[in-house]
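Novice: Predicted coordinates and the sequence they were generated for:
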Amino acid sequence: MNVSCIILNYNDADTTMRLVHSIKDYSSLDSIVIVDNHSTDDSYARLKELSGGRIHVVSSLKNGGYGYGNNLGIRYAYRELGATHVLIANPDVLVSEETIVAMKASFLTDKAVAVTAAVPVDQKGRAGLSGWKLTGLFPDLLDTGLVTRRLFKRWLSDNPGKRAFHITTPGGTERCAWADAVPGSLLLADTDALMACGLYDEEVFLYYEEKILGYKLKAKGYRTLLLLDRTYVHLHSVSIDKSVSSILKKQALLHKSKLHYYKKYLKINRFQELAAKGFLEFLMFEIWFLTKILGMSW
């Protein structure tokens, strides 16, 4: 396996450099590709100083979003560096070499595996959302609402641990679960599989990349394996906040990506589209009221 770590930067050189310094000596990685997504500050100049040896720095001609920037790095690693696998890593993660080694070894257990991932935890070690099943339009909308998500949590929540099984790898036994999609903050992917499904959807600027990628891979017969006892630290939204700080702007981007997913992949009809737009408009009002009027934050 030839593994290249892809790190997408936008106006966040400090966070990106911290990650690079933490993984640059990992023998489990063959190269590191830093993509500067057309930053408006001095990020590219600072990151360029890291270039050399196994570290490569490329610059995007525009800020086309998460998928566009990562695709640039994946293509570079695949074509220029001969990468058979890419480790997609947000700048705001911390990952041990043991976790990467386990993710690599898991590919050897099933030829259909296209993605392996670990469980994200916060700085206090509390586990976050690690993987989920793809659903239809109605449950996906309910999972978006601040109130409906809590009211129907019992039916909407997915617990991969309930589907746990064990696999034997060269490194030992791993407790795993299949998932339709996993968080995009850290995942190891087979580059041939990514190429076969068309990489990330560049029509999406931010959010929903994971579900779209999971949908595309599943449609091609590929599988995603979640390692339940392997973790990495994700300083949630540290990087996103550098580019989109307003909760309302984030929500608007999320809703735009959702509608794109519903129309292009779930193939919803016109009536369903109008209903989805109405529901999402109500959610925008709800968030505006809670944040701007009541002064709440989350």
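Specialist: Nice, I can see it. Residues are numbered from 1 along each chain as shown.
Novice: beta partners for the closest residue to residue 173 other than its chain neighbours?
Specialist: Distances taken as C-beta to C-beta, 6 or more residues apart in numbering place residue 166 nearest to residue 173, at 5.4 Å, with adjacent residues excluded. Any C-beta I mention is one placed from the backbone N, CA and C, and that applies to glycine too. Beta bridges link residue 166 to residue 175 when assigned by DSSP bridges.
Novice: so who does residue 166 touch?
Specialist: By C-beta atoms under 8 Å, 6 or more residues apart in numbering, the contact list for residue 166 reads 173, 174, 175, 176.
Novice: could you redo the last one with a cut-off of 7 Å?
Specialist: 173, 174, 175 (C-beta atoms under 7 Å, 6 or more residues apart in numbering).
Novice: can you put those residues in JSON lines and add pLDDT and neighbour count?
Specialist: Listed next are the contacts of residue 166 as JSON lines, based on pLDDT from 0 to 100; neighbours: other C-beta atoms under 10 Å:
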{"residue": "173", "pLDDT": "95", "neighbour count": "10"}
{"residue": "174", "pLDDT": "96", "neighbour count": "21"}
{"residue": "175", "pLDDT": "97", "neighbour count": "14"}
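Novice: Would you mind giving those residues as CSV with distance to residue 122 added?
Specialist: Formatted as CSV, the contacts of residue 166 follow (distance: C-beta to C-beta, whole Å):
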residue, distance to residue 122
173, 27
174, 23
175, 21
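Novice: So in that sheet, which strands flank the strand of greatest length in the chain, and in what orientation?
Specialist: Secondary structure of the chain per DSSP state E: the longest strand is strand 223-234. Strand 223-234 has the following strand partners under DSSP bridges: strand 93-94 (antiparallel), strand 113-121 (parallel), strand 172-179 (antiparallel).
Novice: Give me the residues contacting the last one.
Specialist: Contacts made with strand 172-179 from outside it, assessed by C-beta under 7 Å, 6+ apart, are listed as 102, 106, 131-132, 160-161, 163-167, 223-229.
Novice: List buried residues within these.
Specialist: Among the contacts of strand 172-179, those scoring as buried are 102, 106, 131, 132, 160, 167, 223, 224, 225, 226, 227, 228 (criterion: 16 or more other C-beta atoms under 10 Å).
Novice: Spatially nearest residue to the fourth one (excluding sequence neighbours)?
Specialist: Spatial nearest neighbour of residue 132, chain neighbours left out: residue 158 (4.5 Å); criterion: C-beta to C-beta, 6+ apart.
Novice: swap in the third one?
Specialist: Among residues not flanking residue 131 along the chain, residue 179 sits closest, at 3.1 Å (C-beta to C-beta, 6+ apart).
Novice: tally of neighbours for the one you found?
Specialist: Number of residues near residue 179 (other C-beta atoms under 10 Å) recorded here: 23.
Novice: do the same with residue 11
Specialist: 18.
Novice: my guess is residue 215 contacts residue 266, does it?
Specialist: No - with contact defined as C-beta atoms under 7 Å, residue 215 and residue 266 do not form a contacting pair (8.5 Å).
Novice: neighbour-wise, which of those two wins?
Specialist: Applying other C-beta under 10 Å to residue 215 and residue 266 shows that residue 215 carries more neighbours, namely 20 against 15.
Novice: Pass me the low-pLDDT residue ranges in the stretch 151-298 of the chain, would you?
Specialist: Residue ranges of the stretch 151-298 of the chain with pLDDT under 70: 237-245, 296-298.
Novice: For it, just list every one of the strands.
Specialist: Listed in chain order, the strands of the stretch 151-298 of the chain (DSSP state E, counting those that start in this stretch) span 165-169, 172-179, 186-190, 223-234.
Novice: Excluding sequence neighbours, find me the nearest residue to residue 215.
Specialist: residue 265 (5.1 Å).
Novice: Am I right that that neighbour is in contact with residue 218?
Specialist: No - using C-beta under 7 Å, residue 265 is not in contact with residue 218, being 10.5 Å away.
Novice: What are the contacting residues of stretch 180-189?
Specialist: Identification of contacts with stretch 180-189 by C-beta under 7 Å, 6+ apart yields 85-90, 93, 95, 103-104, 114-118, 120, 129-134, 209-211, 214, 218, 224, 226, 232, 234.
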